[in-house]
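*Asks:* One predicted model, sequence on top.
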Amino acid sequence: MSISSAKWRKASRSGQGNNCVEVALDVPGRAWVRDSKLGEASPVLVASADGFAAFLGAVKSGKYDR
């Protein structure tokens, strides 16, 4: 699968703005993350699906709240 054919999505709470992080989870075993304002020109961070799920769990639990 290529980055250009990935199904990118952003958080529903981000509204109509374009300063968001997008994620593509349709890559087997991987999560791709990019900056929505750069779109196709954005560098892509690649994480394992398990690692990304653990990161999201930590964020949701407040681990990184200040």
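*Replies:* Yes, it's here.
*Asks:* Could I get the contacting residues of Leu45?
*Replies:* Counting by Cβ atoms under 8 Å, 6 or more residues apart in numbering, Leu45 makes contact with 32-34. Heads up, the C-betas are built off the backbone N, CA and C, glycines and all.
*Asks:* most surrounded residue in those?
*Replies:* Neighbour counts for the contacts of Leu45, by other Cβ atoms under 10 Å, peak at Arg34, which reaches 22 neighbours.
*Asks:* Name the helix or strand for that residue, please.
*Replies:* Taking DSSP states H and E as the criterion, Arg34 maps to strand 30-35.
*Asks:* Now the element after that strand, going C-ward?
*Replies:* Heading C-terminal from strand 30-35 (DSSP H and E), you reach strand 45-48.
*Asks:* before we move on, back to that, contacts for the strand holding Arg34?
*Replies:* 3, 6, 8, 20-25, 42-49, 51-53.
*Asks:* Of those, just the buried ones, PyMOL syntax please.
*Replies:* Buried residues among the contacts of strand 30-35 (16 or more other Cβ atoms under 10 Å), as a PyMOL selection:
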select buried, resi 6+8+20+22+23+24+25+42+52
